[in-house]
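Asks: Sequence first, then the predicted structure:
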Amino acid sequence: MTFEILAQAVINGLLMGFVFALVAVGLSLILGVAQIINFAHGEFLMLGMYTAFWMWALFGLDPLVSLPISIGVLALLGVCVYKLITKRILDAPRLTQIFATFGLSIFLRSLAQFLWTPNSRMIQNSWVGDLRVALGGVYIGAPQLVAAAGAILAFGVIHWLVEKTEVGRAMMATAEDRDAAALMGINTEQMYTLAWAVGSACVGLAGGLLTTFYSVEPNIGLVFGTTASVVIALGGFGSIKGAFAAGIIVGLIQVVGGFLIGPAFKFAVVLTVYLVVVAVRPQGLLGKY
Amino acid sequence: MLPVAAAVIALAYPKVFSLPYPQHVGVLICMNALMAVAWNITGGYTGQVALGNTVFFGIGAYTSSLLLRDFGVNPWIGMLAGTILSMIAAVVLGYTTFRLRGYYFTIACIAMAEIVSAIVVNTRRLGGAVGVTIPIRDASLLNFQFHGTNKAPYYYTILTFLAVALFVVYRVERSKLGYYFRAIREDEDGARALGVNPARYKLIAFMLSALFTSVAGTFYAQYVMFIDPASVLAQPVSVSMCLMAVLGGLGTLWGPVLGAMALIGISEATRVTLGGTGQAVDLMIYGLLVIVFAVFQPTGLMGMLGKLKARKE
C-alpha cells in the first residue's frame, strides 16, 4: 500500500517534472543566447495558459487544438519584448536588465488581473481532462501524460534545432561570443530574436498543456517562474540539456519530498537540494562556467 | 550644502505636512530608503545581487514581535536581538553562497528566503500563515509605540535610523573597506590577486546590510502592529529594495534615498488615484514606469543628475 502511494508520487513528480523542464528550457535558451534572465518568464507562462483558456472559453477550442495558437502568441510576445525592451539594454549593467524584467513581470501580472480579474479559472471537460490510465495500483492522469509527451517532443525538436542545424550552430556561436560570431558573418540580431521567440514559445506550449489539469490565475507565474530559475541554475546556466534534466529532477524532488516531509514543504525541499548542489558544484549539474 | 538642505527639509517635513497621510508617506519613504541603503551595500558597492534580503527584514520583524508578545521584552531590546540574529543569518547565508557567482548567487538568495518563509508559514509557534499581532502598550519612545493620528514620532524615529545608516555608508565609502568592496565588484579575481580576501569582505558587506534591514523590519512591526509572512517574508520585499537602489543609482550614497522617494511617490500616487478598484491599474503603471526607466535611464536618477550637472558646466 505505502509502496503504491510512493510509486504514485514518483510518477506524478516525473510527469510534472517534464513540464518544469520545458519551461526551464525556454528560460535557459534565452539566458544562454541573449545573456539575460527573464524574470517575467513565469508571467509568460501565465499568458500562455490564459491564451489556451480563452480559446476554449470563447471559441470552444480544446487546449490541445489551440496549442499552435498559444505557441504563436507567446513567440510573438517574446519577439516584441526583445525588440522593445531587452534589445535596448543589452550592454547595460546586469542589474538594469534584471530591473527591466522585474518591471515587466509586475506589469504583466497586473495586466492579467485588470483584464481577467484575480479569479482562478479552469478549463472544464477538455478531451483528456477526465481520462486516466491504471497501471497496477497506480493511476496516471491522461492530461499529465499528454503534457509530459509534449514536453519531451518539444525538447527533442529544440535539441535537434540547436545541435544539428546550421541555425542552431549559429545560435550557439552567438551565445559563446557575440562579437566573434558577428565577425564570422552571423546575423546575431536575428539569433537573439530567434532565441527569444523559441524560448517564449516553450512556455506557450507548456501553458497550453498545463491548462488541461491546472487552473490559471494572474499570480500563477510567481511559483513557476521561481521554479524555472532554480531549475536552470541547478542544471547549469547555458546548458539546455542540464535544464531539461534538472526540471525532471525538481519535479521528482518536489513530489517525493512533499510526500516524505509534508506537502507544505515541497518547494522548500527543492530549494534546499539546489543549495546543497551549488555548495558542492557552484556551476550547477551540467554547467560549464 | 546639499546634505544640510536635505536634512532641514527632512526635519521640517512633518511640521509642514501635519495630516496623517503625508506623514505616513514620509515614514514609508524613510523606511524603504533605509532598506534600499542597506541593500546598496551588498548590491551596489560590492556588486553582489542579493535578492533574499527579505529574510533580514523578516527576522527583524519577527524577533522583536515574538519577544514582545510571548515574553514581554521591550521592542528596543527585541530590535537588538533581531539585528544579532540577522547578522548570524548573514554569516550562515554568506558562507554557503559567496562561492557562487552572478545569477547562481542571486538565485541562491531567493532560495534561502523562500525556505525561511516556508518554515515560518508552517510553524504555528511563529504565528504561521496567520501572522503575529503586536500587543498594544502605552505610547512612549521607550515602548517604541506611538498611537493616534500624529505619526511624527514614528517619522523622526525612522529618520534617525536612516541618518545613522547613511552616515555609516558615508564613512565606509571613504574608508579602505569601501575600496575593497568596489574592488570586489569590479574584478573579484583581481582583488584576490592583490591580497583582498573577497569572501571576508563580502561577508562584512552582507552583515552590515543585514543589520540595517533588520532594524527596518522591527520598525515596520512596531509601526503597522501586525506582521505576516506575506508582508515581511516575501519576494516582492526583496525586489522592491533592489528596485529602489537601482532606480536611484547603484553604489552611490544618495541614490537609494532618491530611488525610495521616486518609487514610493509613484506607487502611492498611482495607488491613491487608480487603486482601490481591485483592478491593479496602479501596479500596471508602476511596472510600466520601471521598464521605461530601465530602458531610457540605465544609470539611475543619480546618473541623470550627473548628466544635468555636466551639461550646465
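Replies: In hand now; what should we look at?
Asks: For the stretch 151-300 of chain B, list the residues in contact with chain A, please.
Replies: For the stretch 151-300 of chain B, the contact set with chain A under Cβ under 8 Å from any Cβ of the partner chain comprises B:235, B:239, B:242-243, B:246-247, B:250, B:278-284, B:286-291, B:293-295, B:298. Bear in mind the C-beta positions are built from the backbone N, C-alpha and C, glycine included.
Asks: Skipping adjacent residues, who's closest to residue A:173 in space?
Replies: Closest residue to residue A:173 apart from its sequence neighbours, by Cβ to Cβ, 6 or more residues apart in numbering or on different chains: residue A:181 at 4.3 Å.
Asks: what helix or strand does the one you found sit in?
Replies: Assigned by DSSP states H and E, residue A:181 belongs to helix A:178-183.
Asks: quick one on the thing from earlier: burial count for the residue nearest to residue A:173?
Replies: Neighbourhood size, residue A:181 [other Cβ atoms under 10 Å in any protein chain shown]: 19.
Asks: The nearest residue to residue A:259 once chain neighbours are set aside: what's it in contact with?
Replies: For residue A:259, ignoring the flanking residues on the chain, the nearest one in space by Cβ to Cβ, 6+ apart is residue A:9 at 4.3 Å. Residues near residue A:9 by Cβ atoms under 8 Å, 6 or more residues apart in numbering or on different chains: A:255, A:256, A:258, A:259.
Asks: Over to residue B:234?
Replies: B:54, B:117.
Asks: and with 6 Å instead?
Replies: By Cβ atoms under 6 Å, 6 or more residues apart in numbering or on different chains, the contact set of residue B:234 is empty.
Asks: got a pLDDT number for it?
Replies: According to the prediction, residue B:234 has pLDDT 89.
Asks: what comes up buried for stretch A:30-38?
Replies: Buried residues in stretch A:30-38, defined by neighbour count with 16 or more other Cβ atoms under 10 Å in any protein chain shown: A:30, A:31, A:32, A:33, A:34, A:35, A:36, A:37, A:38.
Asks: Kindly identify which of those residues also come near chain B.
Replies: residue A:37 (Cβ under 6 Å from any Cβ of the partner chain).
Asks: Verify the stated contact: residue A:221 with residue A:41.
Replies: No: Residue A:221 lies out of contact with residue A:41 (Cβ atoms under 6 Å); the separation is 7.7 Å.
Asks: re earlier: can the contacts of residue A:9 go into JSON lines with extra columns for secondary structure and pLDDT?
Replies: Shown next, in JSON lines, are the contacts of residue A:9 (DSSP: H, G, I helix; E, B strand; the rest coil; pLDDT from 0 to 100):
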{"residue": "A:255", "secondary structure": "helix", "pLDDT": "87"}
{"residue": "A:256", "secondary structure": "helix", "pLDDT": "84"}
{"residue": "A:258", "secondary structure": "helix", "pLDDT": "84"}
{"residue": "A:259", "secondary structure": "helix", "pLDDT": "83"}
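Asks: Taking those residues together, which two end up most distant?
Replies: Farthest pair in those (Cβ to Cβ) is A:256 and A:258. Separation: 7.2 Å.
Asks: Go ahead and produce PDB holding the CA coordinates of stretch A:64-77.
Replies: This file holds the C-alpha atoms of stretch A:64-77, laid out as PDB (Å, rounded to 0.1, in the frame of the first residue of the first chain):
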ATOM      1  CA  LEU A  64      -4.700  20.600 -27.400                       C
ATOM      2  CA  VAL A  65      -6.200  22.100 -30.600                       C
ATOM      3  CA  SER A  66      -5.200  25.600 -29.700                       C
ATOM      4  CA  LEU A  67      -1.600  24.700 -28.900                       C
ATOM      5  CA  PRO A  68      -0.300  26.300 -32.100                       C
ATOM      6  CA  ILE A  69      -2.100  29.500 -31.200                       C
ATOM      7  CA  SER A  70      -0.600  29.600 -27.700                       C
ATOM      8  CA  ILE A  71       2.800  28.900 -29.100                       C
ATOM      9  CA  GLY A  72       2.400  31.600 -31.800                       C
ATOM     10  CA  VAL A  73       1.100  34.200 -29.400                       C
ATOM     11  CA  LEU A  74       4.000  33.600 -27.000                       C
ATOM     12  CA  ALA A  75       6.600  33.600 -29.700                       C
ATOM     13  CA  LEU A  76       5.300  36.900 -30.900                       C
ATOM     14  CA  LEU A  77       5.300  38.200 -27.300                       C
END
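Asks: which residues in the chain form strands?
Replies: I went with chain A, as the question did not name one. A:132-135, A:138-141 (DSSP state E).
Asks: hm, I was asking about chain B
Replies: B:132-133, B:226-227.
Asks: remind me which residues of the chain are low pLDDT?
Replies: In the absence of a named chain, this looks at chain A. Scanning chain A for pLDDT under 70 picks out the ranges A:1, A:288-289.
Asks: The chain in question should be chain B.
Replies: Within chain B, the segments meeting pLDDT under 70 span B:275-279.
Asks: where along it do the helices fall?
Replies: B:2-16, B:20-40, B:54-71, B:75-97, B:102-121, B:152-173, B:176-186, B:188-193, B:198-224, B:229-232, B:235-248, B:255-274, B:281-296, B:300-312 (DSSP state H).
Asks: I'd like the ones you listed laid out as a markdown table, including mean neighbour count and distance to residue A:23.
Replies: Shown next, in a markdown table, are the helices of chain B (neighbours: other Cβ atoms under 10 Å in any protein chain shown; distance: least, Cβ to Cβ, whole Å):
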| stretch | mean neighbour count | distance to residue A:23 |
| --- | --- | --- |
| helix B:2-16 | 12 | 46 |
| helix B:20-40 | 24 | 29 |
| helix B:54-71 | 25 | 24 |
| helix B:75-97 | 20 | 24 |
| helix B:102-121 | 22 | 15 |
| helix B:152-173 | 19 | 39 |
| helix B:176-186 | 18 | 32 |
| helix B:188-193 | 14 | 31 |
| helix B:198-224 | 24 | 31 |
| helix B:229-232 | 20 | 24 |
| helix B:235-248 | 26 | 18 |
| helix B:255-274 | 20 | 30 |
| helix B:281-296 | 20 | 21 |
| helix B:300-312 | 14 | 32 |
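Asks: For the ones you listed, give me a markdown table that also has distance to residue A:279.
Replies: Formatted as a markdown table, these follow (distance: least, Cβ to Cβ, whole Å):
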| stretch | distance to residue A:279 |
| --- | --- |
| helix B:2-16 | 43 |
| helix B:20-40 | 24 |
| helix B:54-71 | 18 |
| helix B:75-97 | 6 |
| helix B:102-121 | 9 |
| helix B:152-173 | 29 |
| helix B:176-186 | 20 |
| helix B:188-193 | 18 |
| helix B:198-224 | 14 |
| helix B:229-232 | 26 |
| helix B:235-248 | 21 |
| helix B:255-274 | 31 |
| helix B:281-296 | 32 |
| helix B:300-312 | 33 |
